[in-house]
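Chemist: only geometry, no sequence info:
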Ligand SMILES: Cc1cc2nc3c(=O)[nH]c(=O)nc-3n(C[C@H](O)[C@H](O)[C@H](O)COP(=O)(O)OP(=O)(O)OC[C@H]3O[C@@H](n4cnc5c(N)ncnc54)[C@H](O)[C@@H]3O)c2cc1C
């Protein structure tokens, strides 16, 4: 239970209605999208302004209480899972889109703005905010920046970091720093904003973002290619890239994922092929037509059993949202869904996908794999039951083997979901001692009292 003086202190900053302390009210803030991780905070507060965030930080310093910043809690590495005896600072009420500047191609928003609303606001000016995590309908832009989230369009357009021009950040001592600006070029000093992108709430609290926008593509073509072998799908991806075509989307679903998605969304995905590629190109209409024709030819040359083009925008949207629903579709099968996001160099994709399938067979586990194949980013998703200790032991063995193989292939333990709590055990191995220690030094110099999201990324 929080002390009365803590509740009074927080209420005096944000107002009593914006402080939660009853056990039943704290439950929804005790976990995020990561399976098996939960811990109840002492209090949850909903600030509305940067000044309130800074005051909360100062109060937390006084009370020696850690702060766990939270957006929508869709994270998949346990980043916003509370540490014990902490204050959760939930920024969903700071959700305004402050302005769109079509002369500078920028958009300014508060951290709680929902990702999809950002692109909708840009679209009203014929502009485009490309990063589109599968969770874009609910995730916040603050969470996206803190995780440096990717999305289905990452291959052509990059990830969140590529669109962050400036940030307002409340530091661990309560000071407010403004980093970056609307200039296209700026080399004045260290690029501090980049330190906070992907910092998972451990270095500062993002209270405003300035984002780059780009012109909205005039045309788009979406296709599905169906394969009897995973290797052929992977070869298609390599061949498309080798042909110097950069599609905006090259997404992969294995057979188990395609079956679950079809069962869930009924979009006409075949359930008898080994692999499905969702391919999308966008841009000038003439370029789109040319690229789509080339991609179809490459897919057929690499033994695609069939290539289907969406007939219209509605069908294209339906196919893309079927892919976005992959996690939800798989999650219906068993009580516990554990989704990972290993990434390998694209030349190693077929090896990695095959290794995951072999690991599933060897350990008698259900693993569906889907992901951003054009980025080499795979989501092996284990369907299990956390109450079954014998099976959970095999699950841990499977992830250990998958992470080890990923690193052997020159890959990374996380392409977009962050380290959080879930992937801490493998970080030093990936980074090596010198860079691991350097990261800890950065954390110590910015947050010497370990106030912000302690225990995340490293112990
Ligand atoms: C169905 C589904 C699909 C997904 N698809 C993708 C995908 O395609 N690509 C992808 O990259 N991720 C994906 N994710 C993961 C997740 O949605 C992203 O990591 C997202 O950016 C998290 O946003 P959030 O608002 O939910 O943040 P939270 O989960 O609340 O927080 C995530 C991390 O950011 C920190 N944080 C949040 N807000 C701030 C802030 N203002 N200042 C400082 N730190 C902050 C938190 O402390 C935590 O460490 C998916 C998740 C789900 C459930």
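Modeler: Okay, I see it. Nothing here was measured: the structure is a model prediction, and the numbers come from that model.
Chemist: anything in stretch 58-74 near the ligand?
Modeler: Yes. Counting by Cβ under 6 Å from any ligand atom, the ligand is contacted by stretch 58-74 at 68, 69, 70, 71, 72, 73, 74. Where you see a C-beta, it was placed from the backbone N, CA and C, and this is true even at glycine.
Chemist: Which helix or strand contains the nearest residue to residue 268 once chain neighbours are set aside?
Modeler: Among residues not flanking residue 268 along the chain, residue 262 sits closest, at 7.6 Å (Cβ to Cβ, 6 or more residues apart in numbering). In the assignment (DSSP states H and E), residue 262 maps to helix 255-265.
Chemist: Nearest to the ligand: which residue in the stretch 301-450 of the chain?
Modeler: Using Cβ to the nearest ligand atom, the closest approach of the stretch 301-450 of the chain to the ligand is made by residue 416 at 3.3 Å.
Chemist: give the contact list for that residue.
Modeler: 133, 147, 148, 149, 150, 154, 159, 341, 343, 377 (Cβ atoms under 8 Å, 6 or more residues apart in numbering).
Chemist: Residue numbers of the stretch 251-400 of the chain in contact with the ligand?
Modeler: Counting by Cβ under 6 Å from any ligand atom, the stretch 251-400 of the chain comes close to the ligand at residue 327.
Chemist: how close does the residue nearest to residue 268 get to the ligand?
Modeler: For residue 262, the distance to the ligand equals 18 Å [Cβ to the nearest ligand atom, to the nearest Å].
Chemist: who's in contact with the most centrally placed residue in the chain?
Modeler: Per Cα atoms, centre = their mean, the C-alpha nearest to the average position across the chain is that of residue 149, at 3.9 Å. By Cβ under 8 Å, 6+ apart, the contact set of residue 149 is 131, 133, 139, 143, 159, 160, 416.
Chemist: Who wins on neighbours among those?
Modeler: The most neighbours of any of the contacts of residue 149, using other Cβ atoms under 10 Å, belong to residue 143, which has 32 neighbours.
Chemist: Which of the three states applies to it?
Modeler: Three-state call for residue 143 (DSSP: H, G, I helix; E, B strand; the rest coil): helix.
Chemist: Which residue lies closest in space to it, excluding its sequence neighbours?
Modeler: Distance criterion Cβ to Cβ, 6+ apart; nearest residue to residue 143, sequence neighbours excluded, is residue 71 at 3.3 Å.
Chemist: how deep is that neighbour tucked in, by neighbour count?
Modeler: Quick note: residue 71 (other Cβ under 10 Å) scores 31 neighbours.
Chemist: Hmm, residue 139 and it touching each other?
Modeler: Yes. Checked against Cβ atoms under 8 Å, the pair residue 71 and residue 139 is within contact range at 6.6 Å.
Chemist: tell me the phi and psi of the residue in the stretch 151-300 of the chain that the ligand sits nearest to?
Modeler: Nearest residue of the stretch 151-300 of the chain to the ligand, counting by Cβ to the nearest ligand atom: residue 201, 2.6 Å away. Main-chain torsions, residue 201, degrees, to the nearest 10: phi 70, psi 10.
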